[in-house]
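**Student:** Dropping the sequence and predicted coords here.
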Amino acid sequence: MNGPVWISMVPRELRPDAVDGPLAGMTFAIKDNIDLAGVPTTAGCPAFAYQPERSAFVVERLIKAGAIPIGKTNLDQFATGLVGTRTPYGACSSVFDERYISGGSSSGSAVAVAQGLVDFSLGTDTAGSGRVPAAFNNLVGLKPTRGLLSTTGVVPACRSLDCVSILAKDCDVARRVWNVARGFDPGDPFSRVTGPGQDAAPWLGGAFRFGVPSEEYLEFFGDDEAAALYRKAVADLVGLGGERVEIDYSIFREAGALLYSGPWVAERLAAIRGFMETHADEMNPVVREIISGARRYSAVDAFEAEYKLRELRRRSDGEWLKMDVMVLPTAGTIYTHEAVAAEPFKLNANLGYYTNFVNLLDLAAVAAPAGFRTNGLPFGVSFIGPAFSDDALLSLADSYHRNVAPSTPPGCVAVAVVGAHLSGQPLNWQLTSRGARLMKTCRTAPGYRLYALDGTVPPKPGLVRDLEFAGEGIEVEVWAVPEDRFGGFVAAVPAPLGIGSATLDSGEVVKCFICEGYAIEKATEITSFGGWRNYLRGSRG
């Protein structure tokens, strides 16, 4: 339904054995411009493919922490594009409507997470490639400070700007992966670490000032619903304790324009010049035209552009004195496949309106879900901060996502699942076959107990509310089930389970699996595990 997510799957004999660690048992996908030992790297171009003997530095760290790689994912060829359609493997679509693009270049990585095929994925982000597909698939996308995630083992796009990005269902998962993946790599000349106090944010946890463009620089390309959702996000952030500050966005727009209308395009040519000289006719025509355009720039142009960027960076310093964080639409709109095919250059450029400047100005960003249009398509905002503000951005984005971001698409019922219907579990198909979409992973409010029910096939837990119990909440996934298919889903639920209501840690009340009291008399309480997945891991040794 959503196009070819995978370029290749990891053979079972190459999948690492399960090991203990902070990511034990979690599955992940790898954008196919990032190396995984023994599996071809194509960068979205079959003629370019090679077989790496060693995994990328970041991949190695994740595997050592217990994460299990499942496959290599589709992408805009050579990570050149924000649309997800510039690939010979077939274009991915948004999981919410196959007529609309998935966003790129990390298209397959986003769709793999949004479909619940993996727990998280790796992408890359030079111009917005880890953020735009997050917005189009209702995900969190972390674009870290340049150099904090090693790019050893990554096919370069613009090597001086490239970042490995993390796509996840929520900020909690993104942070867990981030904490494992980051680390200094002496083999990467662009690798760096935070210094003492560099990642501190004095505004975190209290009042904060967030910058927004003046009205003349807000651009939604005719998408009035996106504009309304952005205005609501701004109002919601004020409700969270933020102070709205108007900034001069022209500085950031001017910097972003340098990425494709300046000599940084030549860095894309530098990455694949040898291949392009002999295999240009085997490249995607749009990608070939973009990278071929690099030949018109001279060394003088490169120096002049660098001087211009330095000037803009200094001017942007003045704007950062006004704000702690910048909050922008991740993308001003979303396009159909048909529209992108008709205007591939213009519409791709439109999608970079709010993203292209971030790496050029050495900033960090977290894209987060921010609601849905009336047609069910998602909208997202990005929290952008100075270098090394990654942790603070994740915290603010998490607070926004959990507490105020609208979470249920129109025409859907939010349903929290706790056991066999979780992603990767044996009854998850009962959700996906009905067109349900995973919205987030979170916890219930305190006051719930979880039991492993006796004699259920497949094994299932029972969730019971105990108002006198003060333990922390139970991990759940919240899915959006189409209203016209909700009845069929409920009818398939066998006793002693049923569908009732549960309160989440955000205070939101959603439909949820509940359990009749008689069934817990012979059940084993597993509340201390915090959730069904942790219990399964523990019971398997």
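**Tutor:** Looks like it came in fine. Numbering: from 1, shown residues only.

**Student:** For burial, what's the neighbour tally of Thr524?
**Tutor:** For Thr524, the count of nearby residues is 13 (other Cβ atoms under 10 Å). The way it works is simple: take the backbone N, C-alpha and C, and place the C-beta from them, glycine included.

**Student:** ok, the closest residue to it other than its chain neighbours to Ile520 distance?
**Tutor:** Nearest residue to Thr524, sequence neighbours excluded (Cβ to Cβ, 6 or more residues apart in numbering): Ala452, at 4.6 Å. According to Cβ to Cβ, to the nearest Å, Ala452 stands 10 Å off from Ile520.

**Student:** again, but for Ser191
**Tutor:** 52 Å.

**Student:** So, low pLDDT: which residues of this protein?
**Tutor:** Scanning the chain for pLDDT under 70 picks out 1-2, 195-206, 539-541.

**Student:** Name the single longest helix found in it.
**Tutor:** When the chain is scanned for its longest helix (criterion: DSSP state H), the result is helix 299-320.

**Student:** Dump stretch 435-447 to PDB, keeping only the CA atoms.
**Tutor:** Output of stretch 435-447 as PDB, limited to C-alpha atoms (Å, rounded to 0.1, in the frame of the first residue of the first chain):
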ATOM      1  CA  GLY A 435      -6.100   0.300   8.200                       C
ATOM      2  CA  ALA A 436      -5.200   1.400  11.700                       C
ATOM      3  CA  ARG A 437      -2.200   3.600  12.200                       C
ATOM      4  CA  LEU A 438       0.200   3.700  15.100                       C
ATOM      5  CA  MET A 439       0.200   7.200  16.600                       C
ATOM      6  CA  LYS A 440       2.500   6.900  19.700                       C
ATOM      7  CA  THR A 441       3.900   4.800  22.400                       C
ATOM      8  CA  CYS A 442       3.300   6.100  25.900                       C
ATOM      9  CA  ARG A 443       2.100   4.900  29.400                       C
ATOM     10  CA  THR A 444      -1.100   4.800  31.200                       C
ATOM     11  CA  ALA A 445      -1.700   7.100  34.200                       C
ATOM     12  CA  PRO A 446      -0.600   5.600  37.500                       C
ATOM     13  CA  GLY A 447      -3.100   3.200  39.100                       C
END
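
**Student:** hmm, who's touching the longest helix of the chain?
**Tutor:** Contacts with helix 299-320, where a contact means Cβ atoms under 8 Å, 6 or more residues apart in numbering, come from 211, 247-248, 251-252, 254-255, 258, 262-264, 266, 360-362, 386.

**Student:** do stretch 462-474 as well
**Tutor:** In contact with stretch 462-474 (Cβ under 8 Å, 6+ apart) are residues 418, 443-451, 453, 496-497, 502, 504-505, 512-515, 517, 519-520, 523, 527-528, 530-531.

**Student:** ok, which stretches of the stretch 101-250 of the chain are strands?
**Tutor:** 120-125, 140-143, 163-168, 208-213, 242-247 (DSSP state E, counting those that start in this stretch).

**Student:** mind saving the C-alpha coords of the third one as PDB?
**Tutor:** In PDB, the C-alpha atoms belonging to strand 163-168 read as follows (Å, rounded to 0.1, in the frame of the first residue of the first chain):
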ATOM      1  CA  CYS A 163      23.900  14.000   9.800                       C
ATOM      2  CA  VAL A 164      22.600  10.500  10.700                       C
ATOM      3  CA  SER A 165      19.000  11.000  11.900                       C
ATOM      4  CA  ILE A 166      16.700   9.000  14.100                       C
ATOM      5  CA  LEU A 167      13.000   8.300  13.300                       C
ATOM      6  CA  ALA A 168      10.800   7.000  16.000                       C
END
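
**Student:** Spell out which strands sit alongside it in the sheet and which way each one runs.
**Tutor:** Paired neighbours of strand 163-168 in the sheet (DSSP bridges): strand 120-125 (antiparallel), strand 140-143 (antiparallel).

**Student:** Out of these, which is the most enclosed?
**Tutor:** strand 140-143 (a mean of 31; mean count of other Cβ atoms under 10 Å).

**Student:** chain center to that strand, what's the gap?
**Tutor:** 5 Å (Cα atoms, centre = their mean, to the nearest Å).

**Student:** Return the set of buried residues in stretch 491-508.
**Tutor:** Neighbour counts over stretch 491-508 (16 or more other Cβ atoms under 10 Å) mark 496-497, 502-506, 508 as buried.

**Student:** from those, which single one is nearest Ala270?
**Tutor:** Ser506 (46.8 Å; Cβ to Cβ).

**Student:** Identify the residues contacting the closest one.
**Tutor:** Ser506 makes contacts with 402-403, 442, as judged by Cβ under 8 Å, 6+ apart.

**Student:** How about Gly498: what's its closest non-neighbour residue?
**Tutor:** Closest residue to Gly498 apart from its sequence neighbours, by Cβ to Cβ, 6+ apart: Ile514 at 5.6 Å.

**Student:** Next up, identify which helix or strand the one you found is on.
**Tutor:** For Ile514, the element it lies in under DSSP states H and E is strand 509-515.

**Student:** for that strand, packing partners?
**Tutor:** In terms of contacts (3 or more Cβ pairs under 8 Å, 6 or more residues apart in numbering; DSSP states H and E), strand 509-515 is packed against strand 412-417, strand 461-465, strand 497-503.

**Student:** quick revisit: tell me how far the residue nearest to Gly498 lies from Leu427.
**Tutor:** Going from Ile514 to Leu427 by Cβ to Cβ gives 16 Å.

**Student:** Of the two, which one has the most company?
**Tutor:** Ile514 (20 against 15).

**Student:** Can you pick out the most distant pair from the buried residues of stretch 491-508?
**Tutor:** Pro496 and Ser506 (27.8 Å).

**Student:** Could I get the contacting residues of Glu289?
**Tutor:** No contacts exist for Glu289 under Cβ under 8 Å, 6+ apart.

**Student:** In a strand, it, correct?
**Tutor:** No: counting by DSSP: H, G, I helix; E, B strand; the rest coil, Glu289 falls outside a strand, being helix.

**Student:** mind checking how far it is from Ala43?
**Tutor:** 17 Å.

**Student:** Distance from stretch 163-175 to the middle of the chain?
**Tutor:** Relative to its chain's centre, stretch 163-175 lies at 6 Å (Cα atoms, centre = their mean).

**Student:** An error on my part: the question was meant for stretch 284-302.
**Tutor:** In terms of Cα atoms, centre = their mean, the centre of stretch 284-302 is set 29 Å apart from its chain centre.

**Student:** And stretch 85-102, by the same measure?
**Tutor:** Using Cα atoms, centre = their mean, the offset of stretch 85-102 from its chain centre is 16 Å.

**Student:** first to last residue in that stretch, what's the distance?
**Tutor:** Stretch 85-102 has an end-to-end distance of 8 Å (Cα to Cα, to the nearest Å).

**Student:** and what of stretch 319-326?
**Tutor:** 10 Å.

**Student:** mind listing what's buried in it?
**Tutor:** Residues of stretch 319-326 classed as buried by neighbour count (16+ other Cβ under 10 Å): 319-320, 323-326.

**Student:** now stretch 506-526
**Tutor:** Buried residues in stretch 506-526 (16+ other Cβ under 10 Å): 506, 508, 510-515, 519-520, 523, 526.

**Student:** Which of those sits closest to Pro458?
**Tutor:** Closest approach between these and Pro458, by Cβ to Cβ: Phe513, at 13.9 Å.

**Student:** Does the closest one have any beta-bridge partners, and if so which?
**Tutor:** Ile499.

**Student:** Quick check: the gap between it and Pro213.
**Tutor:** 44 Å.

**Student:** again with Gly435
**Tutor:** For Gly435, the distance to Pro213 (Cβ to Cβ) stands at 36 Å.

**Student:** So between those two, which is more surrounded?
**Tutor:** Taking neighbours as other Cβ under 10 Å, Gly435 and Pro213 compare with Pro213 leading, 20 against 15.

**Student:** Tell me, how many residues neighbour the residue lying closest to that one once chain neighbours are set aside?
**Tutor:** In this structure, Pro213 finds its nearest non-sequential neighbour in Tyr249, 3.6 Å apart by Cβ to Cβ, 6+ apart. Using other Cβ under 10 Å, the number of residues around Tyr249 comes to 23.
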